[in-house]
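1. sequence first, predicted coordinates after that:
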Amino acid sequence: MKITPARPNDVAKLLAFRKEAAAWLTRLGSDQWQRPYPADRLLATIEAGSVFMVMDGEVTAATITVTPGVEEGLWTEQELREPSTFVTKLTVARTHAGQNLGGRLLDWAGDRAYRSGDEWLRLDAWTTNEGLQQYYLRHGFMHVRTVQEGGAINGGPRVSGWLAQRPTAPASHGFEDATGA
């Protein structure tokens, strides 16, 4: 399998990929990702070079967004001064579930962050998706806190505010890396 940067012409494919993940989450009883993701926001992150795809031949097996930036209001000013890389939107195709692709992508992101000199690999997860939170804990993340208020819509409840981090480290992930990093 090969990890590669997403390209602007991948927007439709990645939006469909997210829709598939949202349907699976609904079957699990989660309300995560039920609102459609804006195509223009996805395109902006692709153009910024932050979105990566794991390709199994011609099939998109997984995707992750890796960025130095973070949504405002989640991390303290002191935490933001610590060199960190943030991961979001980690998604694995149902056809590739059970192969530890998510764990390998987290290792890849941690290795990439380590080589960039960052101290932490950080994320925020859906506040009501306890299964996802446990997944991250099993992959070495430590829960920092849960931010409940200050969501994007009128300052209401935040839906993605379970914060976690783990130290960056060199890692073997088993991907052919075509990202140029």
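-> Nice, I can see it. Just so we're clear, the structure is a prediction, and the values are computed from it rather than from any experiment.

2. which residue lies nearest the spatial centre of this structure?
-> residue 88 (2.3 Å; Cα atoms, centre = their mean).

3. help me confirm that it comes into contact with residue 74.
-> No. Counting by Cβ atoms under 8 Å, residue 88 stays clear of residue 74, with 11.0 Å between them. C-beta here means a position set from N, CA and C on the backbone, and glycine is covered the same way.

4. any shared contact partners between the two?
-> Common contact partners of residue 88 and residue 74 (Cβ atoms under 8 Å, 6 or more residues apart in numbering): residue 124.

5. just give me the neighbour total for residue 97.
-> Per other Cβ atoms under 10 Å, the neighbour tally for residue 97 reads 13.

6. typed the wrong thing, it's residue 80
-> By other Cβ under 10 Å, the residues close to residue 80 number 13.

7. and the closest residue to it other than its chain neighbours, what's its pLDDT?
-> In this structure, residue 80 finds its nearest non-sequential neighbour in residue 70, 7.4 Å apart by Cβ to Cβ, 6 or more residues apart in numbering. On the pLDDT scale, residue 70 is placed at 83.

8. separation between residue 173 and residue 41?
-> Separation of residue 173 from residue 41 (Cβ to Cβ, to the nearest Å) stands at 27 Å.

9. out of the helices and strands in the chain, which is least certain?
-> Ranking every helix and strand in the chain by mean pLDDT, DSSP states H and E puts helix 11-27 at the bottom, with a mean of 73.

10. what helices or strands is the helix or strand following that helix leaning on?
-> On the C-terminal side of helix 11-27, the nearest following helix or strand under DSSP states H and E is helix 39-47. With contacts taken as 3 or more Cβ pairs under 8 Å, 6 or more residues apart in numbering; DSSP states H and E, helix 39-47 sits against helix 11-27.

11. residue 128 belongs to a helix?
-> No. Assessed with DSSP: H, G, I helix; E, B strand; the rest coil, residue 128 is coil; it does not lie in a helix.
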